[in-house]
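Asks: Need coordinates for the following:
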Amino acid sequence: MSNYIKYLSALSRKTKVVLMLAMDATLIALSFVFAMLLRLENLAFLSTPEIWVAMAISVATALIAFRFFGLYRAMLRYITGRILIAIGKGAIVSAIVLYGAGTLIGASLPRSVPIIFIMFVFLSVGGLRFITRTFFRNPNRSRKRPVIIYGAGDSGLQLLNSLFHGRDYAPVALVDDNPALQNLAIGGLSVDAPDQIPQLIHETGASVILLAIPSLGRARRRDIINSLKDLQVEIKTIPGMSEIISGEAKISELRTVSAEDLLGRDPVAPDVELLGKNITGRVVMVSGAGGSIGSELCRQILRQTPTTLVLFEVSEFALYTIEAELAATAAQLTSKVNIVPVLGSVQHSQRLEAVIKAFNVQTIFHAAAYKHVPLVEENVVEGIRNNVFGTLAITRAAAKLGVENFILISTDKAVRPTNIMGASKRVAELICQAHAQENSATTFSMVRFGNVLGSSGSVIPLFRTQIENGGPITITHQDITRYFMTIPEASQLVIQAGAMGKGGDVFVLDMGEPVKILELALNMVKLHGLTPYLVEHPEQLIPDMGDIPICITGLRKGEKLYEELLIGNNPAPTQHPRIMTASEASLAMSDLMSILDRLMRACERFDLPEIVKILDELPLDYAPLTKDIFDLIWDAEREKAGQTSTPHTEDARA
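Replies: Numbering: from 1, shown residues only. Below is the predicted model:
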C-alpha cells in the first residue's frame, strides 16, 4: 500500500487531476444509477436512451461545477471539512440540471431522484476524498510515535492537524481538564479527562505527551507537569502564546518541557512608569552587555526606547552577538535608538571616562563581573581586580562625570560569603554604599538576587547536556539548594528596582522558594521520559537500575549548601511586591579606600594570604569553608618551591 501511495504522490499535478475527474465521473454516474434503482427498484430504466442522455448531462454538469467551485485545486493530503461545501454546491447544481434536462428530453425522471442523487454524490465524492486523505497522511503511521495531546482547545486542534501532516507523531488521544470538552470527539479523537492518562498510555502505547496549552499561567502549567512527570513518558510543549503571536515560533514547533517550566512562576505585571523612568529618552550604558544578565537587560532596555544604548563589553564575540541582535530589533522600532558597541574592560578608568563623556551617559547598569565561584576561587587576583576594582573604576567615573543613576547587579553569594567571588561582590556593594554617602549627584543603588535560569554556568544547561549524552548527571551535594528566577523576570525587576533608588539602597528580589538541586535533576530526567538512579561514582553505570545515573561528587571550591539574600532580618517592602529593600552595614569612603589601597597593593604583589586577611577585616562576614588557598598559580608556585598549599591561618598570614 505504501508503495502505491508513493507512486501516486510522484505523479504530476495534471495527471492527478485527470485521475480525480475519472473517479468523480464514475461515482456521479453510479450515484445516478443507484438513485434510480432506489426509487424504481429495478434496472429496466437502463434500456431507455433518454436516461443515458440525462445521466451524461448530469455527469458533465457536476464535473464542470466541481471545477468552478475549486474542488480540483485542493490537495487531497491537506483538505479539510470546507471541501464539502464545494461538493455540496456542485451536487445541487448537477441535480437541478439533471431534472431540467430530464424534463426537456422526456426522460420521465421521478421527482425524488434528484434529491437522492444529491445525497449519493455528496457521500461518494466527499467520502472518497477523506478516505484518500487518510492514506496519504498516514502511509507510515506505524513508524510514527503515538502521542497524547493535552489540551483540546483551539491550540490542541491546530496541533492535531499539524501532526497529521507530519512524519514524526501519530495523535492517539486528546485530554483536557475542561468538563465541557470531555467525551466529545474532536478531530476524530475522543476527549478524555486527565486522570485517564495512565490508562490511555497503557492502551495506546503512547510514549509522548504534548502540552497544547500556550495561554496557561506558569503556576497551572507547573502543576500539570508535576502530575505527569512520573508517568515515564517524554513531555513536550508548544511555544508560549506570546511567542506565537509575535511570530517568533509556530504552534507546530515542539520542544521538550524544561526545568524552566517547573521552576518558573507567573510574573507580576511590571510598573510601566518604573520601567521607563531611568531609560526612556535617555542615554543608557550596560557594562557586561554580552553576559547572561547584561544581554537580557539590553533587550529590556531597548523596549523602553532610550535615545542611545551603549554596550560595554570586554569579549569581542559576546559584543558582536548582542549588538547584531539588538540592531535587528531596533530597526523594527518606531522610535530610533542608537546602538553603540564599545569594547573595553571595566578595570580601565580612562576608557570608562571616555565612553561616558563621549555619549553623555545618564544611566549605568553595571553587570560586568566574574561570577563562576570555582573559577574565581582558582584565580583570586583577577577576580578581585575585576569585581572590586572594576566596580571602583566605573563608580568613580560615574560620580566624576555626573551620571544620574548607577545600578550595581549584585548576587545572593555576597551575603555571608564563603568564597572569593561572593566576598568580592560584597566589597562592590560597599563601594556603591560609600559613594552614596558622598552626596554625589549620582544615585547609587544595588540589586541583589540569586541564580537565573539558563545563565552561563547554571546547572540547568549542564544537566540538559548530560542527559542528552546519556549521563551521568553530576551533583555536588544531595542537600544543596538554590534560588532560581528566569532571566527576563530578573532583568525586568532590576530595572524597576533601580528606578526606585534614592541612594545607597540595597534592593533584594523575591526569588520565591529555594529549589533542591537533586530534585531538579530527578525531574529533568523524568521529563525526558527516562528513569534516573543514584550512584556513588560516575563510572558505576548500572543499566538495569534505570536510564540516567546521578552521581554526588562533593561540594566544589568555595561552594556552600544554601544561599541567602539578606545579611540582617530587616527587609522593608517597596511599591513592587517582589522587590524589597534592606539596610546593610557600610563604610565611609575614606575608611574603605584605605583598606582598598592595601588590597590593591596585595594584588600587585600577588600576596594571597594578605588578600584573605584584608577580606576578613572588611564588614563582609567572610567565612571560607576551608583554610586552603586554591589559586592555580599560587599552588603551582608553592609546588615548585616544595611547599604545600598555604592555608587561611593566622600563621600563614603573618
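
Asks: looking at the chain, which helix or strand does the model trust least?
Replies: The weakest-scoring helix or strand in the chain, judged by mean pLDDT, DSSP states H and E, is helix 650-653 (a mean of 36).

Asks: Run through the strands of the stretch 251-400 of the chain in chain order.
Replies: Along the stretch 251-400 of the chain, counting by DSSP state E, counting those that start in this stretch, strands occupy 255-256, 283-287, 308-313, 338-343, 363-366.

Asks: closest to residue 294 out of those?
Replies: strand 283-287 (5.4 Å; CB to CB). C-betas here are computed from N, CA, C, even on glycine.

Asks: Any buried residues in stretch 514-533, and which?
Replies: 515-518, 520-530, 532-533 (16 or more other CB atoms under 10 Å).

Asks: got it, and stretch 92-109?
Replies: Under 16+ other CB under 10 Å, the buried positions of stretch 92-109 are 92, 93, 94, 95, 97, 98, 99, 101, 102, 107, 109.

Asks: same deal with stretch 175-184?
Replies: In stretch 175-184, counting by 16+ other CB under 10 Å, buried: 175, 176, 181, 182.

Asks: can you check stretch 417-424 too?
Replies: Buried-residue list, stretch 417-424, by 16+ other CB under 10 Å: 417, 418, 419, 420, 421, 422, 423, 424.

Asks: Sitting in helices, which of the residues you listed do you find?
Replies: Taking DSSP state H as the definition of helices, those contribute 420, 421, 422, 423, 424.

Asks: right, and out of these, which lies closest to residue 147?
Replies: Minimum distance to residue 147 across these is 44.5 Å, recorded for residue 421 (CB to CB).

Asks: thought that closest one was touching residue 413?
Replies: Yes - counting by CB atoms under 8 Å, residue 421 touches residue 413, with 6.1 Å between them.

Asks: Mutual contacts of these two, please.
Replies: Common contacts of residue 421 and residue 413 (CB atoms under 8 Å, 6 or more residues apart in numbering): residue 373.

Asks: Mind pulling up the pLDDT for residue 249?
Replies: For residue 249, the model assigns a pLDDT of 50.

Asks: do residue 529 as well
Replies: pLDDT, residue 529: 77.

Asks: Quick one: residues contacting the residue nearest to it when sequence neighbours are not counted.
Replies: Closest residue to residue 529 apart from its sequence neighbours, by CB to CB, 6 or more residues apart in numbering: residue 234 at 3.4 Å. Contacts for residue 234 (CB under 8 Å, 6+ apart) come out as 207, 208, 209, 256, 527, 528, 529.

Asks: Columns secondary structure and distance to residue 584 on top of the residues you listed, output as CSV?
Replies: Output for the contacts of residue 234, formatted as CSV (DSSP: H, G, I helix; E, B strand; the rest coil; distance: CB to CB, whole Å):
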residue, secondary structure, distance to residue 584
207, coil, 52
208, strand, 50
209, strand, 47
256, strand, 41
527, helix, 39
528, strand, 42
529, coil, 46
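
Asks: Just put the residues you listed in CSV and tack on distance to residue 621.
Replies: Shown next, in CSV, are those (distance: CB to CB, whole Å):
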residue, distance to residue 621
207, 51
208, 49
209, 47
256, 41
527, 38
528, 41
529, 45
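
Asks: just the strands in the stretch 451-600 of the chain please.
Replies: Using DSSP E, counting those that start in this stretch, strands in the stretch 451-600 of the chain cover 451-453, 473-475, 481-482, 484-486, 505-509, 515-516, 532-535, 548-552, 572-573, 579-582.

Asks: tell me the mean pLDDT over the last one?
Replies: Averaging the model's pLDDT scores along strand 579-582 yields 83.

Asks: who's in contact with it?
Replies: 448, 493, 496-497, 500, 505-510, 566-568, 570-574.

Asks: and those residues, which are buried?
Replies: Buried by 16+ other CB under 10 Å: 448, 493, 496-497, 500, 505-510, 566-567, 571, 574, out of these.
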